[in-house]
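Participant: Below are the sequence and a predicted model; questions follow.
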Amino acid sequence: MVCDNLEIRKITVIGSGTMGAGIAQVCCESGFETILFDKYPESIKNGIAKINAFWDKGISKGKTTTEQKEIWSSFLNTSDKLISAVSDADLVIEAVPEIIDLKIKIFQELDEFTKPNCILATNTSSLSITKIAKSTKNPKRVIGMHFFNPVPLMKLLEIIKHDEISNEIVEITKNIASSMNKTAIVVKDSPGFATSRLGVVLGNEAIRMLAEGVASASDIDYAMNLGYRHPMGPLELSDLVGLDVRRDILLGLAEATGDSSYLPHPLLEKLVEKGELGKKTDKGIYNWINNQKSERDDLPLN
């Protein structure tokens, strides 16, 4: 794919968790030579298993073919050595946990190991793009690419720009989004961007209503499903995203803005402290058994 003066052929994804694996899947499905990097071989193995399971499910449902899987697989490689994984990449997409110091460390390494014209993108859902960019020698090539879970199914890509970003890089990134069959929106770097800020506030208020006994979890979700045509209610979505992720975004918003109204509700804090983080731990606002949700009757509301 040729984007202005830069030909995007090879993409490296840093991190093989749920988001990283999903991003890598979309990249190779879009015809990009793709490397999925993780320093932990077992994590890479799990990431590839998730990708293959998604493809196999599509084949079983008649949505895709074995021939398509073979083509996509031919574009996908893995690595647990950072230098070799990124040295000739045209775009690197970082998708590690939402820890600012970890991301800065990775971007400083990418600064040393990548080509000067390689685009460096972070998949953060709430952390400062400006801070990450300024940790590098060339902030103009650093941009935010916020994908949504599950990446292969969600159409939106939130592109986040900071004050020093090159306009050319923004346009290239929009073109990349289009090639991935994503609809891109461009927002400026601000606390929570557009999507996370709105999403966590709605989710936090829904948790407050649940704790106050306004309605059951399913009825709160149905209210938004049927009354506002949201495809997924705020409580189910919170479980899907991860209650710890939602909690951390709220804390970040409260700190960045100085506004205590963003602080997570005590019920959210209690669930996170207990390790009940949503679907990934089989228990959150709902119980999750075999990917099916059911109401909980043991929520620590008080």
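Facilitator: Cool, the structure landed.
Participant: which residues in the stretch 1-150 of the chain form strands?
Facilitator: Counting by DSSP state E, counting those that start in this stretch, the stretch 1-150 of the chain has strands at residues 2-3, 6-7, 10-14, 33-37, 76-79, 91-94, 119-122, 142-146.
Participant: The last one pairs with which strands, parallel or anti?
Facilitator: Yep, that's strand 142-146 we're talking about. strand 119-122 (parallel), strand 156-161 (antiparallel) (DSSP bridges).
Participant: Dump those strands into JSON lines; add mean pLDDT, mean neighbour count and distance to Leu237 as well.
Facilitator: C-beta coordinates here come from the backbone N, C-alpha and C atoms, glycine included. Listed next are the strands paired with strand 142-146 as JSON lines, based on pLDDT from 0 to 100; neighbours: other Cβ atoms under 10 Å; distance: least, Cβ to Cβ, whole Å:
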{"stretch": "strand 119-122", "mean pLDDT": "98", "mean neighbour count": "26", "distance to Leu237": "22"}
{"stretch": "strand 156-161", "mean pLDDT": "97", "mean neighbour count": "21", "distance to Leu237": "13"}
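Participant: would you list these in JSON lines and tack on distance to Tyr228?
Facilitator: Output for these, formatted as JSON lines (distance: least, Cβ to Cβ, whole Å):
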{"stretch": "strand 119-122", "distance to Tyr228": "31"}
{"stretch": "strand 156-161", "distance to Tyr228": "17"}
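Participant: what is the rounded mean pLDDT of stretch 173-193?
Facilitator: Averaged across stretch 173-193, pLDDT comes to 94.
Participant: let me redo that: stretch 294-302
Facilitator: Stretch 294-302 comes out at a mean pLDDT of 89.
Participant: Pull out the buried residues from it.
Facilitator: By neighbour count on 16 or more other Cβ atoms under 10 Å, the buried set for stretch 294-302 is Leu299.
Participant: Stretch 162-173 now?
Facilitator: Within stretch 162-173, the residues scored as buried using 16+ other Cβ under 10 Å are His162, Ile165, Ser166, Ile169, Val170, Ile172, Thr173.
Participant: try stretch 43-56
Facilitator: Ser43, Ile44, Gly47, Ile48, Lys50, Ile51, Phe54, Trp55.
Participant: Equivalent analysis for stretch 280-290, please.
Facilitator: Lys280, Thr281, Lys283, Gly284, Ile285, Tyr286, Asn287, Trp288.
Participant: Show residues contacting the helix or strand hosting the last one.
Facilitator: Trp288 is located in strand 286-289, with elements delineated by DSSP states H and E. Applying Cβ atoms under 8 Å, 6 or more residues apart in numbering, the contact partners of strand 286-289 are Ala217, Leu235, Glu236, Asp239, Gly278, Lys279, Asp282, Lys293, Ser294, Glu295, Arg296.
Participant: Need these in a markdown table (columns: secondary structure and distance to Ala95).
Facilitator: Below are the contacts of strand 286-289 laid out as a markdown table (DSSP: H, G, I helix; E, B strand; the rest coil; distance: Cβ to Cβ, whole Å):
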| residue | secondary structure | distance to Ala95 |
| --- | --- | --- |
| Ala217 | helix | 29 |
| Leu235 | helix | 25 |
| Glu236 | helix | 23 |
| Asp239 | helix | 21 |
| Gly278 | strand | 19 |
| Lys279 | helix | 18 |
| Asp282 | coil | 23 |
| Lys293 | strand | 26 |
| Ser294 | strand | 31 |
| Glu295 | strand | 33 |
| Arg296 | coil | 30 |
